[in-house]
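Engineer: Sequence and computational prediction follow.
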Amino acid sequence: MFKKIFMLIICAVFVNFFSACAAQKETQPEMKNDFVTLNSGYKMPRLGLGTWTLDDDTAEDCVYYALKVGYRLIDTARYYGNEVGVGRGVQRAIADGIATREEIFITSKIMPSTYNSPDKAIDDSLKNLNLDYVDLMLIHQPGYNDEEVYKALERGVRAGKIRSIGISNYYTPHDFDRIKNIAEIMPAVVQNENHIYYQNENLQSYVAKYGAVVESWYPFGGRGNTRKIFSDATIKQLAQKYSKSPAQIILRWHLQAGYVVIPGSANKNHIAENFDVFDFELTADDMNLIRGLNKNRRFENW
Ligand SMILES: NC(=O)c1ccc[n+]([C@@H]2O[C@H](COP(=O)([O-])OP(=O)(O)OC[C@H]3O[C@@H](n4cnc5c(N)ncnc54)[C@H](OP(=O)(O)O)[C@@H]3O)[C@@H](O)[C@H]2O)c1
């Protein structure tokens with residue numbers, strides 16, 4: 001009798017364990033080299049152009065050029081003051097037959113100073129961008145009523161103004177949970193500072209359980225810090241080994257480590273160089289070498 005009960009308990013434990021693994025696998029974002037399928041069902045390109053600090057005219061030019069050389073993900077924010085320029089670059093590329101609207105993935109963000117009127121902020125962004133919908137809208141950073149802002153993003157999805165929603169600058173599972181616990185639509189993306197010196201793997205694996213993906217900002221440390229990252233001895237050594245630039249090695253690491261990444265640039269040579277990373281692969285040993293560079297050190301503190 002005892003033996004039978006014991007066997008039943010063992011079976012139940014095994015069944016639970018395997019179904020938990022299967023359930024977890026189902027919610028993990030499907031990751032390909034160039035696209036990830038978000039928990040919203042939409043596909044997001046994994047390498048995009050960041051546009052922080054670009055003015056409207058520069059943003060227009062850079063976005064157009066980036067789309068021309070193959071980028072399909074563009075990152076902007078109301079705070080950057082360049083949504084109009086980004087929108088113009090996108091419209092120009094569509095008019096010239098470079099890509100269709102459906103093929104282009106546009107991210108914008110709700111700015112902290114508009115957190116008391118988030119529904120209007122969504123409409124304003126669409127107007128600035130001259131678009132009917134954005135592919136991804138993020139809360140730019142935690143704030144006094146960010147949970148209400150998240151509810152506005154959910155209304156935006158239901159109204160067809162936004163396809164996927166997420167959060168930015170939430171660095172711990174606890175930060176993520178605060179939004180997840182009030183969410184009716186799970187965050188699809190967490191956009192955070194993330195680079196070779198700040199590899200927040202803990203958050204990445206935590207949010208993956210909910211099908212969310214981490215998108216890296218400051219892959220090169222941000223303006224003013226790039227020399228520190230590009231002159232890292234390991235990165236330089238790998239650049240030589242693969243006959244690629246330090247920037248390309250770093251971007252390749254982000255892609256293979258399972259991140260979406262959005263290097264910023266106002267330089268056409270850099271924009272083209274940063275997209276030329278799909279013809280090589282870092283070995284597992286070299287991925288581990290870069291993993292070992294982590295210092296848990298951010299460049300910013302917001
Ligand atoms: N959610 C947030 O709070 C947040 C915060 C910061 C950034 N972001 C987003 O993340 C994006 C990336 O961050 P970021 O642009 O600030 O910093 P970044 O991508 O780490 O670095 C940009 C710097 O790298 C240089 N660069 C780019 N490609 C290069 C190459 N191949 N060789 C040499 N230098 C190169 C750029 O100069 P050139 O212009 O001369 O190429 C610029 O000085 C932003 O543009 C923005 O869209 C989001």
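Structural biologist: Done, it's in.

Engineer: which residues in the stretch 101-250 of the chain form helices?
Structural biologist: 118-129, 146-158, 173-180, 201-208, 226-230, 233-242, 246-256 (DSSP state H, counting those that start in this stretch).

Engineer: wait, which of the ones you listed is closest to Lys43?
Structural biologist: helix 246-256 (15.2 Å; CB to CB). Placement of C-beta: from N, CA and C, glycine included.

Engineer: Pick the most buried one from the helices of the stretch 101-250 of the chain.
Structural biologist: Ranked by mean neighbour count under mean count of other CB atoms under 10 Å, the helices of the stretch 101-250 of the chain are led by helix 246-256, which reaches a mean of 23.

Engineer: on that earlier part again, out of the helices of the stretch 101-250 of the chain, flag the one nearest the ligand.
Structural biologist: When the helices of the stretch 101-250 of the chain are compared by CB to the nearest ligand atom, helix 246-256 sits nearest the ligand, at 3.5 Å.

Engineer: Could I get the helices of the stretch 101-250 of the chain in a markdown table, plus columns for mean pLDDT?
Structural biologist: Shown next, in a markdown table, are the helices of the stretch 101-250 of the chain (pLDDT from 0 to 100):
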| stretch | mean pLDDT |
| --- | --- |
| helix 118-129 | 98 |
| helix 146-158 | 98 |
| helix 173-180 | 98 |
| helix 201-208 | 98 |
| helix 226-230 | 97 |
| helix 233-242 | 98 |
| helix 246-256 | 98 |
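
Engineer: Turn those into CSV, including distance to the ligand.
Structural biologist: Formatted as CSV, the helices of the stretch 101-250 of the chain follow (distance: least, CB to the nearest ligand atom, whole Å):
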stretch, distance to the ligand
helix 118-129, 14
helix 146-158, 13
helix 173-180, 14
helix 201-208, 14
helix 226-230, 5
helix 233-242, 11
helix 246-256, 3
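
Engineer: Can you add distance to Thr100 and give those helices back as CSV?
Structural biologist: As requested, the helices of the stretch 101-250 of the chain are exported to CSV (distance: least, CB to CB, whole Å):
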stretch, distance to Thr100
helix 118-129, 16
helix 146-158, 22
helix 173-180, 32
helix 201-208, 30
helix 226-230, 34
helix 233-242, 34
helix 246-256, 24
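
Engineer: Next, the contact list for the residue in the stretch 1-150 of the chain that the ligand sits nearest to, please.
Structural biologist: Nearest to the ligand, among the residues of the stretch 1-150 of the chain, is Gly50, at 2.4 Å (CB to the nearest ligand atom). Applying CB atoms under 8 Å, 6 or more residues apart in numbering, we find Gly50 in contact with 75, 217, 262-265.

Engineer: how about the residues you listed, which pair is most distant?
Structural biologist: Taking CB to CB, the two most distant members of the contacts of Gly50 are Trp217 and Ser265; they sit 13.3 Å apart.

Engineer: tell me the contacts of the spatially most central residue of the chain?
Structural biologist: Nearest to the mean C-alpha position of the chain, counting by CA atoms, centre = their mean, stands Glu215 at 2.3 Å. The contact partners of Glu215, taken as CB under 8 Å, 6+ apart, are 166, 189-192, 194, 259-262.

Engineer: Tell me how many other residues surround Asp135.
Structural biologist: For Asp135, the count of nearby residues is 24 (other CB atoms under 10 Å).

Engineer: from the contacts of Glu215, which single one is nearest Thr58?
Structural biologist: Ile262 (16.2 Å).

Engineer: quick one: that closest one from the ligand, how far?
Structural biologist: Separation of Ile262 from the ligand (CB to the nearest ligand atom, to the nearest Å) stands at 5 Å.
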